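[1] Give me the fold of what follows.
(one chain, ligands or ions: 1)
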Amino acid sequence: MSRASRLPNHVSPDLADVFAHIDARRQTFIDRLIDYVRHPSISAHGLGIAEVADLLVTMLNGLGLDARAAPTAGWPMVLARRNDAPGAPTVLLYGHYDVQPPEPLEAWTTPPFEPTIREGRLYARGVGDNKGQHFAQLLTLESLLACRGQLPCNVIVLLEGEEEVGSPHIAEFIRAHHDELNADLVITADGPVHESGQSCIVFGVRGVISFELRARGANRDLHSGNFGGLAPNPLWTLVHLLGTLKNEHGEITIDGFYDNVKAATELERAALARLPLDVGAMKAELGIAELDAPRERPYFERTMFWPTLTINGLHGGYGGPGSKTVLPHEAVAKCDIRLVEAQSAEAIFAKVEAHVRRHAPEVEFIRQGGMEPSKTPLESPFTEPIRRGLLAAQGAEPLLIPSAGGSLPDYVFTKILGVPAFGVPYANADEANHAPNENLELDRFIAGIKTGAAMLSYLGAMKRL
Ligand SMILES: [Zn+2]
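    Down below sits the predicted model:
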């Protein structure tokens, strides 16, 4: 039996005073969020990053955490810690203080760094992704300390300054600071809640690898009448090669590709069954008659439990108006593979490369970027206190999402640090992250502060077992 399922029902931390404290400070907290997001921190341009890191270190030290800006080969990590609860779990709260560039500026109703409230939402670059969400986490710590004088569990805060440029140094940082980052679990408040508006807990992400296949024919483009049938056509070479990678039943036919791929567990299937779904509306919205093969595969399992091979582009020869009877000298296919847990980027790169060597040795295989998948089991002992924290703060059961379809570097926590990682997003589904008019619903911001307090309190209650 898991530790969580033994969590006695009567261990329900009384949070009324903390919630009342947060409600009483609603306006102050919103004003302080406005001050925070007014500071640009654009990692892609190096604008304002060091200033915002300093501001966070000052705030965290002011709260009584032991905080510093820890250098990396790029922008610093803001790292802080407070150990108030021996025997209770240590929670690492991860977020990122850098933001996307705001362009195109003319598409913003109000300027991106002049935060403005309209209809219950605060509009500013970074307010959802991710400043408003980690600021809520910091206000959680402040509120708990104001009401109780101490935190219910041990807390490490890790705020990255390079997430929006692909987190180039976080893996190295986690390896180098492995002992200092001795958390029992990671909680990230980033991204939007489920598109239905319901809160959720996200347990994983798919990984990804990208590669290019490059085929060459003659040393120049040729006349298809004079040379067709004589010189090989690199576009046909690629079409045949691509045809050996996946069959018409939707099965990827690379040797060993599905090794170790695991089916959804009973608990995961039960969670999937609770997710809102309208396949008809989704097909109508996309203008498609059928889902991709294999037809019988359950909807959510497609993006959470199965890897995919996507041809992103196939290029060569002539694509302009009318016709041109050319025999192209070169053709390129760009592809990506979304990886599921138990696949690794390196192993799949090697399997695809071996396949290409065997079927079309003359085709060049070029590895591009890769990111590992990540998965935390729903059975984790920390799932139950986190779920109960969300329920206590928001009055509704959160959806449990076994995996996001996309890719984020969560593997640095689950695979390098070796601890479970949970995504608990606070932002509205239409936060417009990375886009003009990024916004955060203020009710969700305040609910996020309460949610953090409840999650940490329920996690802290585990020590009483
Ligand atoms: Zn982002």
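[2] what's the closest non-adjacent residue to residue 352?
    residue 254 (5.9 Å; CB to CB, 6 or more residues apart in numbering). (Each C-beta comes from the backbone N, C-alpha and C, glycine too.)
[3] wait, doesn't that neighbour sit right on residue 247?
    No. Counting by CB atoms under 8 Å, residue 247 is not a contact partner of residue 254; they are 11.1 Å apart.
[4] Which one's more surrounded, the two?
    In terms of neighbours (other CB atoms under 10 Å), residue 254 is the more surrounded of residue 254 and residue 247; the figures are 20 against 11.
[5] per-residue pLDDT, that one?
    Per-residue confidence (pLDDT) for residue 254: 98.
[6] how close does it get to residue 355?
    Residue 254 sits 5 Å away from residue 355, going by CB to CB, to the nearest Å.
[7] Tell me the pLDDT of residue 2.
    40.
[8] tell me what the helix or strand harbouring residue 201 is packed against?
    In the assignment (DSSP states H and E), residue 201 maps to strand 200-202. Applying 3 or more CB pairs under 8 Å, 6 or more residues apart in numbering; DSSP states H and E, one finds that strand 200-202 contacts helix 383-394, strand 399-401, strand 421-423.
[9] quick one: which of those is nearest residue 459?
    Evaluated with CB to CB, the helices and strands packed on strand 200-202 place helix 383-394 nearest to residue 459, the distance being 4.8 Å.
[10] Show me what the closest one is packed up against.
    Looks like helix 383-394 contacts strand 200-202, helix 442-461 (3+ CB pairs under 8 Å, 6+ apart).
[11] Show me what the host helix or strand of residue 332 is packed up against.
    Using DSSP H and E, residue 332 falls within strand 330-339. Here strand 330-339 touches strand 207-216, helix 234-243, strand 308-316, helix 345-359, going by 3+ CB pairs under 8 Å, 6+ apart.
[12] Let's have the ones you listed in CSV, adding distance to residue 223 and mean neighbour count.
    Listed next are the helices and strands packed on strand 330-339 as CSV, based on distance: least, CB to CB, whole Å; neighbours: other CB atoms under 10 Å:
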stretch, distance to residue 223, mean neighbour count
strand 207-216, 18, 20
helix 234-243, 16, 17
strand 308-316, 16, 15
helix 345-359, 29, 16
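[13] Show me the beta-bridge partners of the closest residue to residue 228 other than its chain neighbours.
    Of all residues not flanking residue 228 in the chain, residue 327 sits nearest, at 5.6 Å (CB to CB, 6+ apart). Residue 327 forms beta bridges with residue 222, as assigned by DSSP bridges.
[14] got a pLDDT number for residue 327?
    98.
[15] Use 56 as the first number from now on
    Sure, I'll start numbering at 56, so the last one becomes residue 382.
[16] give me the number of residues near it?
    23.
[17] can you check residue 502 too?
    The tally of other residues near residue 502 (other CB under 10 Å) stands at 19.
[18] What of residue 174?
    Residues near residue 174, counting by other CB under 10 Å: 8.
[19] Find me the pLDDT at it, would you?
    Taking residue 174 on its own, its pLDDT is 98.
[20] Repeat that for the one 4 residues further on.
    At residue 178, the predicted lDDT confidence score is 98.
[21] Could you do the one 3 residues further on as well?
    In this prediction, residue 181 carries a pLDDT score of 98.
[22] now residue 315
    88.
[23] Now the residue nearest to it when sequence neighbours are not counted. Its backbone dihedrals?
    What sits nearest to residue 315 in space, not counting adjacent residues and going by CB to CB, 6+ apart, is residue 397, at 3.9 Å. Backbone torsions of residue 397, given as degrees, to the nearest 10, read phi 80, psi -10.
[24] still on that earlier bit, which stretch among the helices and strands packed on helix 438-449 comes nearest residue 224?
    Closest among the helices and strands packed on helix 438-449, once you apply CB to CB, is strand 255-257, at 23.7 Å.
[25] Quick one: residues contacting the residue nearest the centre of the chain.
    The centroid of the chain falls nearest to residue 463 when counting by CA atoms, centre = their mean (3.9 Å). By CB atoms under 8 Å, 6 or more residues apart in numbering, the contact list for residue 463 reads 260, 426, 429.
[26] same thing with residue 179?
    89, 92-93, 167-171, 493-494 are the contacts of residue 179 under CB under 8 Å, 6+ apart.
[27] I figured the residue nearest to residue 283 was touching residue 284, is that so?
    No. Between residue 382 and residue 284 there is no contact under CB under 8 Å: 9.5 Å.
[28] any idea which element residue 325 lies in?
    For residue 325, the enclosing helix or strand under DSSP H and E is helix 321-328.
[29] C-terminal to that helix, what's the next element?
    In N-to-C order, the element after helix 321-328 by DSSP H and E is helix 334-341.
[30] could you point out where the stretch 356-505 of the chain is predicted with low confidence?
    Low-confidence segments of the stretch 356-505 of the chain, defined by pLDDT under 70: none present.
[31] Not counting its own residues, what contacts stretch 106-123?
    Contacts of stretch 106-123 (CB under 8 Å, 6+ apart): 91, 94, 96, 124, 130-131, 133-137, 152-153, 193, 196-197, 200, 210, 212, 214, 216.
[32] any idea of the mean pLDDT for it?
    Here the average pLDDT along stretch 106-123 is 98.
[33] For that stretch, what is the distance to the chain centroid?
    Stretch 106-123 has its C-alpha centroid displaced from the chain centroid by 25 Å (CA atoms, centre = their mean, to the nearest Å).
[34] mind listing what's buried in that stretch?
    107-108, 110-112, 114-115, 118-120, 122-123 (16 or more other CB atoms under 10 Å).
[35] what do you get for stretch 169-180?
    Taking 16+ other CB under 10 Å as the basis for neighbour counts, the residues of stretch 169-180 that come out buried are 170, 176-180.
[36] Please consider this matter closed, and thank you.
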